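got a structure for you, letters missing:
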Ligand SMILES: Cc1cc2nc3c(=O)[nH]c(=O)nc-3n(C[C@H](O)[C@H](O)[C@H](O)COP(=O)(O)O)c2cc1C
């Protein structure tokens, strides 16, 4: 075992706005079922702190439902409301004691919510041809911009360094981005990516205006959806450029381009992944993610329940080359950090054999209603 050479790009410092990070690692949002009545339990705060102690200094808290009754019906999910503010402040404090910073992820399920009268989406579809719930009204869109902003202000008051707007994986804001299910003709949908991106952009602009210039705003997006891995938000680099440009203009600081496997090229004839293209076209810092340290992707874990094998040395070499080539700035590590809180420290020491491998059993029994997603794969 030998220490990583000082020149390892993964272990060079990075400044994200006011946040001085000692390395390039981020823990992405992951629901863990450690909340009661929407509030993170002390064990969730301890879990985050333990990861910060293990070397990852930017932690995105698990998706937190925004302050609106339509946001989620999941029983064990977090919320970010006045009632849960103190519990989030405890998480931020614990992470801070280990020298880390927290972003709180702002989330709304949209049509992934099983229809109970409160399942809303752009046009009442969860995937092409599959109706669920109803279309959000223009009044609701205005109300929801306020709800996202209110929750961002609560996150700021709880001491979070910023928020991450969740517009990925087929949830509410991603449903707006996805042409396959956003058929609105009121300026918030249709064939034009600029119209589909308008709602997320208005949310970001409102958060920026309310929370001020120093508050970090990340926006997470993806091409793939939990209900459709082949779906696309941006069919071409030109569409991606329009989307990224709008997010920058609205006040986003960092784009978190979510993929299932970070090493897969986004478009033929070029090795760059979605994050790489986004950085080149959008002019903003980017976070990459997807199967770092593991040979199977997160949906294989969820849907097939198959355990991963380690894939570490190859990933490190690839990530180092891509950071050196400025394809991306930061690297999010999900399941590998659930499996081993010291994953980053062990990478730095190049002690790969000591890494404790993530298994599905680490997730425990998630009380999470995934009927809508499972039905899509049946
Ligand atoms: C248990 C679990 C819960 C997750 N919850 C969220 C979430 O709340 N918000 C989100 O954006 N992604 C969520 N994800 C996706 C992860 O943030 C990440 O993108 C994904 O696991 C891929 O990274 P990995 O391959 O390193 O695990 C979750 C993943 C797991 C394993």
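Yep, it's here. Please read all numbers here as calculations on a predicted model, not as lab measurements. Numbering: from 1, shown residues only.

what's the neighbour count on the residue in the stretch 201-350 of the chain that the ligand sits nearest to?
Closest contact between the stretch 201-350 of the chain and the ligand, by Cβ to the nearest ligand atom, is at residue 334 (2.7 Å). The C-beta positions use only the backbone N, C-alpha and C, and glycine is treated the same way. Residues lying near residue 334 (other Cβ atoms under 10 Å) number 22.

how about the residues of this protein that lie near the ligand?
The interface of the chain toward the ligand, taken as Cβ under 6 Å from any ligand atom, is made up of 28-31, 62-63, 105, 166, 168, 220, 258, 289-292, 297-298, 333-336, 363.

could you list which of these belong to helices?
Within the residues of the chain next to the ligand, residues falling in helices by DSSP state H are 298, 335-336.

residue contacts, the residue nearest to residue 301 when sequence neighbours are not counted?
Of all residues beyond its chain neighbours, the one nearest residue 301 is residue 360 (5.7 Å), with distances taken as Cβ to Cβ, 6 or more residues apart in numbering. Applying Cβ atoms under 8 Å, 6 or more residues apart in numbering to residue 360 gives the contacts 301, 305-307.

which residue is the nearest non-sequential neighbour of the residue of the stretch 201-350 of the chain closest to the ligand?
Nearest residue to residue 334, sequence neighbours excluded (Cβ to Cβ, 6+ apart): residue 28, at 5.1 Å.

that neighbour reaches residue 332, doesn't it?
Yes. With contacts defined as Cβ atoms under 8 Å, residue 28 counts as touching residue 332 at a distance of 4.0 Å.

mutual contacts of the two, please.
Residues touching both residue 28 and residue 332 by Cβ under 8 Å, 6+ apart: 60, 256, 287, 289.

any chance of those residues in TSV, plus neighbour count and secondary structure?
Shown next, in TSV, are the shared contacts of residue 28 and residue 332 (neighbours: other Cβ atoms under 10 Å; DSSP: H, G, I helix; E, B strand; the rest coil):
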residue	neighbour count	secondary structure
60	26	strand
256	30	strand
287	27	strand
289	27	strand
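
tell me the one among those nearest to residue 242.
For the shared contacts of residue 28 and residue 332, the residue nearest residue 242 by Cβ to Cβ is residue 256; the value is 18.3 Å.

quick one: the closest residue to the ligand within the stretch 51-200 of the chain from residue 40, how far?
Distance from the ligand to each residue of the stretch 51-200 of the chain (Cβ to the nearest ligand atom) is smallest for residue 63, at 3.2 Å. Relative to residue 40, residue 63 is positioned 12 Å away (Cβ to Cβ, to the nearest Å).

going along the chain, name the helices of the stretch 201-350 of the chain.
In the stretch 201-350 of the chain, the segments counted as helices under DSSP state H, counting those that start in this stretch are 237-250, 274-282, 298-299, 313-324, 335-339, 343-348.

hey, least reliable of those helices by pLDDT?
The stretch with the lowest average pLDDT out of the helices of the stretch 201-350 of the chain is helix 298-299, scoring a mean of 94.

nice, that's everything, thank you.
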